[in-house]
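Trainee: Let's see this in three dimensions:
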Amino acid sequence: QVQLQESGGGLVQPGGSLRLTCTASGSTLADYATAWFRQISGKERERVACIPGSDGTGLYTASDRFTASADNAKNEVYLQMSSLIPEDTAVYYCAIDIDRPSCTIRAGFYDYWGQGTQVTVSS
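Mentor: Below is the predicted model:
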């Protein structure tokens, strides 16, 4: 059974940084596209980053303030966020698409999701 777990969220002041971690079990992240989405209350989930699988394409980040990376040995992916602004406040999710190694934009294509981690940017 595939399980994803996000960690690293929290309260940070504007201008600060956070690194989110997505840890997987039951699946090898390197085989699939792994994306980070965020959801602000009342709005649709928005893709903010994606790392393709080893045979895929489409490495993506929504902002130059965000960097996505992976540690295949640990079966983890990361989202490093810097220069955070209040508009980055959201629940952040990681998700994998087991049907294709390349990154896609639509949340509906992703098959497994973590429970999310809250990021709050506030002074």
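Trainee: residues contacting Y110?
Mentor: By Cβ atoms under 8 Å, 6 or more residues apart in numbering, Y110 lies in contact with A33, A35, F37, A95, I96, D97, T104. (Glycine included, C-beta is placed from N, CA and C.)
Trainee: run the last query once more with 7 Å
Mentor: By Cβ atoms under 7 Å, 6 or more residues apart in numbering, the residues touching Y110 are A35, A95, I96, D97.
Trainee: Repeat that for G15.
Mentor: S83, L84.
Trainee: Tell me how far it lies from A49.
Mentor: 20 Å (Cβ to Cβ, to the nearest Å).
Trainee: For the residue positioned nearest the centre of the chain, which residues are in contact?
Mentor: With distances taken as Cα atoms, centre = their mean, W36 lies nearest the centre of the chain, 2.1 Å away. Listed by Cβ under 7 Å, 6+ apart, the contact set of W36 reads V48, A49, A68, L79, Y92, C94.
Trainee: Which parts of this structure are helices?
Mentor: Counting by DSSP state H, the chain has no helices to list.
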